[in-house]
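K.L.:
Quick one, what's the 3D model for this:
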Amino acid sequence: MPPTSPSSGTLNPGASATPTHTDAHGPPPTSDLKDPLRDLESSGPECDSLTDLEIERLGRQRPDVFSSTLKEVFFCSSLVISFLMSEYFISGFNIILPDLSRALDIPPGSQTWPASVFSLVTASFLLPLGRLADMYGAYPIFNFGLVWFFAWSLIAGFSTNYQMLIAARALGGLGPAAFLPTSIMLIGKIYRPGPRKNIVFGLWSAFAPVGFYIGIIIGGATTQLLTWRVYFWIGAGIMAVVSAAAFMTVPNDMAATRKENAHITMDWWGVATIVPGLVMLTFAITDGAHAENGFATPYIIATCVCGVVFLAAAVYVEGWVAKQPLLPFDLFQAKYMKRLTVGLFFIYGIFGIFLFYASVHIANFMGASALTTAVWFTPMAAGGLILACVGGFTLHLLPGRVLLIISGLGSMTCVLLFAVIPDDGGYWAFVFPSMVCATIGVDVSFLVSNIFITTNVPRHRQGIAGALINSLIFLGISFCLGLADLAVSESEKRVGDGKQHKVAFWLATACGAAAVLIFSTIKIGKAKSELTADEKARRARGIGEVE
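P.N.:
Down below sits the predicted model:
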């Protein structure tokens, strides 16, 4: 068992100091047990007064901000369904795009924009909105994101031309940029390290593959039976219900956050360099393979150079100019944090390559229809739901290092199977095990990293920590998929044997091997009940004062 200090690499040194009540998930009733460290001004000796049994009980009990289990259930539902809907509007849109393109007369060269601009805007604005959450609280930013996303999803369904659709998709991307990092922030601040937090994160993670699969099913059904507009209206209706539930059940932390984080300000220079840098560089990478002359196309070269210049300026601004950087370097001070972020970047990049090129292979080389393709993806959705839920109940029993290595092996195997699949390869021999390995790869690492990162940063960094986690997802997928597209297009020019897409799978396999090597060097322990990061810091200060 590794030591339990924040620098030791244990999975949950902590993220919040929220007191809790007991319920069916906890040990024997101890309703009178209060967290003696709830006061932010607690001293070191108070930290020493907590016994291991009390810490364990606090890690299992219902947070005190919820007056009943029903309110906690509705709170968690608003978080997990909002995550589900962000995946719904990504996966399902690709299904409705062909019919939508014909209906709105979208030129072939512009058809990638409505699909990519949503993720591009979301990825670029995660950090600024995460900082706003640290400044003003998760409650206003989370609810703003839900309502904003509902409004632009509804408007997208009424689009009369493709310019209106692109604008609605772009502006709608600000919604997930607001509610995704604040979802992680809310869980990190409200729940103490321990089994209960693991369960909530497990459920939250489980709804990503479910949302992805539901988006495919509803996208196909509405396009075939009704109209593509219904796809947007169904999503908007669900978002309206989620918004109402969130307003009633998400704890309002505005006043407390303003009092606690009054010293935190927005890094406008960071926003002015990071956001345009990410937008232009990500656009150049994702669109370069599809441009008329590839990466030699003038506008691709221009946006790529400008993006690199802006990001170089951002490094200078964040390191030497900004007093409160938008992406503070001390966020990476926890042991293994840098290696973990690099490994996760590879894992999410592999997942993006797998989703796109597995669909291409299944449809174009195995002759599966759209409905059959959706059914063949069922193991990934079902497996993700099972793994995330089971993981939430068992993370305090299994070492995080072992889980990360397993996730890396799963990611590598899922693309390797498609790289070596023969012309007569069947579903059960190759596709089914690949789907299972894919969900092991992305869902296990996502769950472990969420808990590790949120419990290794103090309360005032929870918003930016949530933004970092989601940035890795969007940027990893965009960058790696762009590189895979480039490799495939170059292979097609040189070989032209009709199977160039396998180059993408081999590239992803190499990324998987790199992730396994990185994860094998990360020694993090079990996600058991522990003191929070703030409590550990106060304990250290108290011991120092005594000495």
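
K.L.:
Okay, strands next: where are they in this structure?
P.N.:
Assigned by DSSP state E, the chain shows strands spanning 20-21, 62-63.

K.L.:
Remind me what the last one packs against, helices and strands.
P.N.:
Taking 3 or more CB pairs under 8 Å, 6 or more residues apart in numbering; DSSP states H and E as contact, the helices and strands that strand 62-63 lies on are strand 20-21, helix 69-104. Glycine gets a C-beta too; all of them are placed from N, C-alpha and C.

K.L.:
Please repeat the previous calculation with a cut-off of 10 Å.
P.N.:
On a contact count with 3 or more CB pairs under 10 Å, 6 or more residues apart in numbering; DSSP states H and E, strand 62-63 meets strand 20-21, helix 69-104, helix 195-225.

K.L.:
distance of Arg192 from Ala256?
P.N.:
Noted for Arg192: a distance of 17 Å to Ala256, by CB to CB, to the nearest Å.

K.L.:
Neighbour count for those two, which is higher?
P.N.:
Neighbour totals were compared for Arg192 and Ala256, and Arg192 leads with 29 against 15 (other CB atoms under 10 Å).

K.L.:
burial count for the nearest residue to Arg169 once chain neighbours are set aside?
P.N.:
Leaving aside its sequence neighbours, Arg169 sits nearest to Phe118 (CB to CB, 6 or more residues apart in numbering; 4.6 Å). When neighbours are defined as other CB under 10 Å, Phe118 has 25 of them.

K.L.:
Give me the neighbour count for Ala206.
P.N.:
As a burial measure, Ala206 scores 25 neighbours (other CB under 10 Å).

K.L.:
can you check the one 4 residues further on too?
P.N.:
As a burial measure, the neighbour count of Val210 was computed by other CB under 10 Å and equals 20.

K.L.:
That one against Thr439, yeah?
P.N.:
No - if you go by CB atoms under 10 Å, Val210 and Thr439 don't touch, sitting 11.0 Å apart.

K.L.:
Look up how far Lys338 lies from the residue nearest to Arg169.
P.N.:
To Lys338, Phe118 is 29 Å away according to CB to CB.

K.L.:
go on, Phe519?
P.N.:
Distance from Phe519 to Lys338, by CB to CB: 13 Å.

K.L.:
Comparing these two, which shows the higher neighbour count?
P.N.:
Ranked by neighbour count (other CB under 10 Å), Phe519 and Lys338 place Phe519 first, with 28 against 12.

K.L.:
what sits against the more buried one?
P.N.:
Phe519 sits next to 336, 339-340, 343-344, 346-347, 400-409, 445, 448 when contact means CB atoms under 10 Å, 6 or more residues apart in numbering.

K.L.:
Give the buried subset of those as a PyMOL selection command.
P.N.:
To isolate the buried ones among those in PyMOL, judged by 16 or more other CB atoms under 10 Å, type:
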select buried, resi 336+340+343+344+346+347+400+401+403+404+405+406+407+408+409+445+448
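
K.L.:
taking the contacts of Phe519 one by one, which sit in helices?
P.N.:
Applying DSSP state H to the contacts of Phe519, the entries found in helices are 339-340, 343-344, 346-347, 400-409, 445, 448.

K.L.:
Low-confidence regions, the stretch 301-450 of the chain specifically.
P.N.:
Scanning the stretch 301-450 of the chain for pLDDT under 70 picks out 370, 388-389, 391-397.

K.L.:
ranges for the helices of it?
P.N.:
Using DSSP state H, counting those that start in this stretch, the helices of the stretch 301-450 of the chain run over 337-364, 370-376, 378-394, 400-420, 432-454.

K.L.:
ok, now the stretch 101-250 of the chain?
P.N.:
Along the stretch 101-250 of the chain, the stretches classed as helices by DSSP H, counting those that start in this stretch are 112-136, 138-156, 162-172, 174-190, 195-225, 228-249.

K.L.:
Throw the helices of the stretch 301-450 of the chain into a markdown table and include distance to Gly92, thanks.
P.N.:
Listed next are the helices of the stretch 301-450 of the chain as a markdown table, based on distance: least, CB to CB, whole Å:
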| stretch | distance to Gly92 |
| --- | --- |
| helix 337-364 | 13 |
| helix 370-376 | 10 |
| helix 378-394 | 13 |
| helix 400-420 | 22 |
| helix 432-454 | 18 |
